[in-house]
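Chemist: When you get a sec, could you give me coordinates for this:
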Amino acid sequence: MTNAVLPANPNGANYLGRGFKLILEPGLRLFVVLPLAINILIFGTLMTLSLSGFGSAMERLLAWLPDWLDFISWILWPLAVVLLLAIAMYLFSIVANLIAAPFNGLLAEKVEERISGKEVNARETVAQAIASFPRSIFREIQKLLYYASWAIVALIISLIFSPLSGLIWFLLGAWMMALEYTDYAMDNNKLSFAEAKKRLGKKRGTNAGFGCLVMIGTMIPIVNLVIMPAAVAGGTLLWHEQLKHQ
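Modeler: Coordinates of the predicted model:
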């Protein structure tokens with residue numbers, strides 16, 4: 001194995017770009033194909049289901065409006081499209097992370113072996129990754145419950161300081177992206193979820209840059225299909241250079 005890593009960089013946003021470069025390397029492409037295929041399948045299914053009833057639902061809504069409000073239909077359509085995309089993107093991220101978790105863990109393992117030159121005793125093969133599915137799901141549920149607890153806090157703060165609500169939810173999402181994509185490597189190295197959060201919290205500035213850029217990528221259709229494997233690779237780099245030896 002060869003060390004393909006650039007020198008450590010405290011700029012968290014840098015890790016996503018380096019992750020994109022890593023997943024294009026010949027030895028890692030195979031382990032990118034599975035999570036990418038899962039992303040495309042889930043995204044296509046969700047968008048098909050969402051769009052299939054969208055037109056008729058909008059027509060029923062507009063028919064319900066009184067005639068004197070017809071002029072707002074040109075406002076409702078773009079708002080409804082934006083809302084539909086936001087909900088679909090959010091559901092896509094949740095479902096994709098749940099189903100692709102074992103394969104993301106396998107990708108993180110192979111990335112860490114590539115950059116460290118040492119074997120990681122985790123999933124090793126696609127068959128072992130599939131066998132680890134129950135453990136991976138349990139870990140993802142832990143993250144969802146953790147997110148739900150902070151989402152309640154964010155909701156309360158948003159109600160009190162409504163002008164800041166957009167920023168509050170974005171920052172919470174960015175923190176969760178950093179946790180999500182660095183955790184695969186930490187899980188492979190047998191760190192508990194509590195320890196993973198603790199280590200991540202010691203590098204808040206670096207993790208914020210990484211998480212914010214990943215968060216932006218997940219909000220862009222098409223880009224969100226390839227952001228997952230790149231974020232896994234970038235999160236593994238971040239783990240190896242910033243979190244592993246704390």
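Chemist: low-scoring pLDDT stretches of the chain, where are they?
Modeler: Residue ranges of the chain with pLDDT under 70: 1-11, 50-51, 53-91, 122-127, 129-132.
Chemist: hmm, try it at 50
Modeler: Along the chain, segments meeting pLDDT under 50 span 1-9.
Chemist: so who does the residue nearest the centre of the chain touch?
Modeler: Central residue of the chain (CA atoms, centre = their mean): residue 177, 5.1 Å from the mean position. Neighbouring residues of residue 177 by CB atoms under 8 Å, 6 or more residues apart in numbering: 210-212, 214-215, 218, 231. Every C-beta, even on glycine, is put in place using the N, C-alpha and C of the backbone.
Chemist: Report the two of the residues you listed separated the most.
Modeler: 210 and 218 (12.8 Å; CB to CB).
Chemist: Next one: residue 133 from residue 139, what distance?
Modeler: Between residue 133 and residue 139 the distance, using CB to CB, to the nearest Å, works out to 11 Å.
Chemist: Overlap of the contact sets of the two?
Modeler: residue 101.
Chemist: Compare the two and say which one has the larger neighbour count.
Modeler: The neighbour comparison of residue 133 against residue 139 (other CB atoms under 10 Å) goes to residue 139, with 19 against 15.
Chemist: Tell me how far that one lies from residue 102.
Modeler: Going from residue 139 to residue 102 by CB to CB gives 10 Å.
Chemist: Residue 216: how many residues sit nearby?
Modeler: 17.
Chemist: what ranges do the strands span in this structure?
Modeler: With DSSP state E as the definition, the chain shows no strands.
Chemist: which residues touch stretch 145-164?
Modeler: Contacts for stretch 145-164 (CB under 8 Å, 6+ apart): 165, 168-169, 172, 175-176, 179, 193, 197.
Chemist: Could you list the buried residues of that stretch?
Modeler: The neighbour-count check on stretch 145-164 (16 or more other CB atoms under 10 Å) flags 147, 151, 154, 158 as buried.
Chemist: The residues you listed into CSV, with extra columns for distance to residue 40?
Modeler: Supplementary listing: these in CSV, determined by distance: CB to CB, whole Å:
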residue, distance to residue 40
147, 25
151, 28
154, 31
158, 33
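Chemist: Counting neighbours, which bits of stretch 216-231 end up buried?
Modeler: 216-219, 224-231.
Chemist: of all those residues, which comes closest to residue 98?
Modeler: Nearest to residue 98 among the buried residues of stretch 216-231, counting by CB to CB, is residue 228 at 12.0 Å.
Chemist: contacting residues for the closest one?
Modeler: 35-36, 39, 96-97, 100, 104.
Chemist: What is the neighbour count of residue 141?
Modeler: Burial of residue 141 is recorded as 11 neighbouring residues (other CB under 10 Å).
Chemist: no no, residue 184
Modeler: 30.
Chemist: measure residue 207 to residue 201 for me?
Modeler: From residue 207 to residue 201 the distance is 8 Å (CB to CB).
Chemist: Neighbour count for the two, which is higher?
Modeler: residue 207 (25 against 11).
Chemist: what's near enough to touch the nearest residue to the more buried one once chain neighbours are set aside?
Modeler: If you skip the residues right next to it in sequence, residue 207 has residue 178 as its closest partner in space, 4.1 Å away by CB to CB, 6 or more residues apart in numbering. Contact partners of residue 178, counting by CB under 8 Å, 6+ apart, are 12, 200, 207-208, 210-211, 214, 235.
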